[in-house]
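1. give me a 3D structure for the following:
(chains A and B)
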There are 2 protein chains.
Amino acid sequence: MSSIPKIVVLGAGYGGILTAQKLQKELNYNEADVTLVNRHDYHYFTTHLHMPAAGTDSIDHTRVQISKLIDEFKIDLVKSNVQEIRLYDKKVILEDGTLSYDYLIIALGGEPESFGIPGLAEHAMTIRSINSVRLIRQHIEYQFARYKMDENRKDRLNFVIGGAGFSGIEFVAELADRIPGLCKEYDVDPALVHIYNVEAAPTALPGFDPELVEYAMDVLKKKGVTFKIGTAIKECTPKGVILATDEEIKSATVIWTGGIRGNRLVDAAGFETMRGRVKIDEYLRAPGHENVFIIGDNSLMFNEEGRPYPPTAQIAMQQGVICAHNVVASIRNQQPKKFVFSNKGTVASLGKGEAIATVGTKKFKGWTAAQLKKLVDMRYLFIIGGIPLVLRKGRFF
Amino acid sequence: MSSIPKIVVLGAGYGGILTAQKLQKELNYNEADVTLVNRHDYHYFTTHLHMPAAGTDSIDHTRVQISKLIDEFKIDLVKSNVQEIRLYDKKVILEDGTLSYDYLIIALGGEPESFGIPGLAEHAMTIRSINSVRLIRQHIEYQFARYKMDENRKDRLNFVIGGAGFSGIEFVAELADRIPGLCKEYDVDPALVHIYNVEAAPTALPGFDPELVEYAMDVLKKKGVTFKIGTAIKECTPKGVILATDEEIKSATVIWTGGIRGNRLVDAAGFETMRGRVKIDEYLRAPGHENVFIIGDNSLMFNEEGRPYPPTAQIAMQQGVICAHNVVASIRNQQPKKFVFSNKGTVASLGKGEAIATVGTKKFKGWTAAQLKKLVDMRYLFIIGGIPLVLRKGRFF
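-> Reported below is the predicted structural model:
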């Protein structure tokens, strides 16, 4: 048996991939064993999923083989599902094996949160993985095909998106862009198609600058989106949704983007959680477990005003880098670094050629913001894969 | 009111389009009013539907606007559904109007024949229109998408095609060609996908040369098709099919190609029919109605051996030309022409680069036959639309 420390990274999302890459770079030969566990053999760009979900971009532009991102001579890649984290045994149970660790990085990503709304888990789809967005894309097109065989079923042309946060708005924008093409392909009158965006909060895109929110909603209304803001979904049924106002929207397609929570594996591991998220210390460590780091959607950190940071790709990536640094520091008995979030700004895409963005105190909208969005995407590809990945996966037009 | 004769052509399939075009060419100015009634504003190539149904070619290559095929200054085009044919009133009831006629050409096309097999009409799809093949294409892809969200449902990767006649074999071949691409797109192991072709008759492609049938089955077996020949489907259920042997094939996709019958509107009109087909005279006229012509799938004619001609595009086209001639002859009090079927040969496509064909006593297979198939398709495009249509809709590669 080797006496060198074993590092296990669970999940190859934004946090996990950045951690693995940074570990690969920092660790000396034989300084530690690193194993990256992921359900798929590919990494996908969660912030890009709204496009293949609507069918406005390909799956191919949305994922990359993990073997292209890490050096498999330096890091072991295990394709498996995690079934259990045993903190006191320092073991991770996979569906087809067991891994023991000295250091564990939990970067498993979140799960959709349905807030106990009846029927949502059963009847709504969520934008959360390559598999789920392929289903959404096909489901939408299938509704057009089925409608043409039975034109009495006009509800097949109603699309309900629950949640007007970041993912909801970005998806709605892509779907609105996709509809004209689908109508042409299926000989459907575009006037028969309805996109409803339902949000319980009093505003769309909560947290965004109100002037930009208004701009975004105007752009989307012009694309044909009907907003129901400040209106909760009371129930989701096989026939559509019932709103808090008792209004029923009949639809064969309900897509829920209303929130995410931490992974249930984290709850099951015995951590104290708030909706599956664990309050970590400033070094990204789980309370009471100095060898366990939690980053990304399962971590809970607060800003200076005492409000939790929302789970974003940006924070997960920054955490990944610090997390890897702190694991290496611990192995070398060096001081860990405190994590300080550096807000690079926020961009929400509104479909082809349209977006809104805030960078520091600056606001952008329209074409300029859309270019910023591309820049953010390109920058990410560059960080994880350099120029070759930018060239292979980037969208230049 | 005009006193010139009114000619109404019902249906713009192979027979109807050829009739309309020939009438347009033969009739002098003000010699007759011609109205062409069709459910869609496009004509589609029924013999090509197996490709878009499998997703191996586009809908765009499978149809053409009727306005490109006829001169709307000479022929009125009415887009409507026929609801009733009133022979003794000389009227046709449309869903949104009524047409009276002096001459009626019934070229409505057939309907799928399910031979009373329970569940078939409810649970199986049929390759019969642009709408139905878009549904089939999307349904198939949807199964892959859904399978990836629940890999226990391996039956989603089973595809059952009922009928190994012409349409069944041609569709099965395209589907087999399509599967590798779908597997790649959805990260599915091709070994998990099964295509079953079930046929009650003792042979596939009945009527075809046995040597060519064997060749065809070999080609398709190599593409992964499982044949169940001489095996009837006893029942079609929401879960798949039950065979006469009591074997159950679980599948979310059953496509029935097992036969067609005449249109029910023809039965309802009061004609004496055999499975919806009317035994017409040698001038293509309905018995007892010298002003009513029936061509294509609704007509029944016998060859010299006393066997009925199978309903094909080839015979419908030839009938269309003679039918138009005979209508014009009747208006001019000239002698009508007898219809004599001239067999130009038969080609069955077996997917990319493969086909079988018989022309007279000659047999062809493989690449040569595949080129013949393209030639047949091109020839048809040329007949109805000249060089421009060949260039727009033809498949040269």
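2. check contacts around the closest residue to A:E248 other than its chain neighbours.
-> Among residues not flanking A:E248 along the chain, A:I242 sits closest, at 5.2 Å (C-beta to C-beta, 6 or more residues apart in numbering or on different chains). C-betas here are computed from N, CA, C, even on glycine. Residues near A:I242 by C-beta atoms under 8 Å, 6 or more residues apart in numbering or on different chains: A:233-236, A:248.
3. let's see the PyMOL selection covering just the buried ones among those.
-> Listed next is the PyMOL selection for buried residues among the contacts of A:I242, using 16 or more other C-beta atoms under 10 Å in any protein chain shown:
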select buried, chain A and resi 233+234+236
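4. so of the contacts of A:I242, which ones are in strands?
-> Per DSSP state E, strands hold the following members of those: A:233-236, A:248.
5. tell me which of those is nearest to chain B?
-> Comparing the ones in strands among the contacts of A:I242 against chain B with C-beta to the nearest C-beta places A:C236 closest, at 17.3 Å.
6. for the residue nearest to the closest one when sequence neighbours are not counted, what are its contacts?
-> Leaving aside its chain neighbours, A:C236 sits nearest to A:G119 (3.7 Å; criterion: C-beta to C-beta, 6+ apart). A:G119 makes contacts with A:235-237, as judged by C-beta under 8 Å, 6+ apart.
7. now A:F382
-> A:F382 makes contact with A:389-390 under the criterion C-beta under 8 Å, 6+ apart.
8. wasn't it part of a strand?
-> No: looking at A:F382 with DSSP: H, G, I helix; E, B strand; the rest coil, it is helix, so not inside a strand.
9. now distance to A:A216 and pLDDT too, for the contacts of A:I242, in TSV please.
-> Output for the contacts of A:I242, formatted as TSV (distance: C-beta to C-beta, whole Å; pLDDT from 0 to 100):
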residue	distance to A:A216	pLDDT
A:I233	21	97
A:K234	26	97
A:E235	28	97
A:C236	25	97
A:E248	27	98
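10. which one of the contacts of A:I242 sits closest to B:I169?
-> Relative to B:I169, the closest of these is A:C236; by C-beta to C-beta it sits at 43.9 Å.
11. wait, what's in contact with that closest one?
-> A:117-120, A:122-124, A:162, A:242, A:254, A:256.
12. if you rank the residues you listed by neighbours, which is first?
-> For the contacts of A:C236, counting by other C-beta atoms under 10 Å in any protein chain shown, the largest number of neighbours falls to A:W256: 28 neighbours.
13. run through the bridge partners of it.
-> A:T126, A:G162 (DSSP bridges).
14. now do it against chain B, distance only.
-> 15 Å (C-beta to the nearest C-beta, to the nearest Å).
15. same check, this time on A:R285
-> 35 Å.
16. can you pull up the bridge partners for that residue?
-> A:F293.
17. that one contacts A:F293, correct?
-> Yes: contact between A:R285 and A:F293 holds when scored by C-beta atoms under 8 Å: they sit 5.7 Å apart.
18. between these two, which contacts overlap?
-> Taking C-beta under 8 Å, 6+ apart as the contact rule, A:R285 and A:F293 both touch A:N326.
19. neighbour count: these two, which is higher?
-> Using other C-beta under 10 Å as the criterion, A:R285 and A:F293 rank with A:F293 on top: 31 against 20.
20. hang on, the earlier thing: from B:A355, how far out is the residue nearest to A:C236?
-> Per C-beta to C-beta, to the nearest Å, A:G119 is found 51 Å from B:A355.
21. per-residue pLDDT, A:T358?
-> At A:T358, the model reports a pLDDT of 93.
22. same deal with the one 4 residues further on?
-> You'll see A:K362 listed with a pLDDT of 93.
23. now it. Its backbone dihedrals?
-> phi -90, psi 140 (degrees, to the nearest 10).
24. what's across from it in the sheet?
-> A:V359.
25. one step back: just list whatever residues bridge to the residue nearest to A:E248.
-> A:E235, A:E248.
26. check contacts around A:I66.
-> A:I66 sits next to A:12, A:17, A:36, A:38, A:41-43, A:77 when contact means C-beta under 8 Å, 6+ apart.
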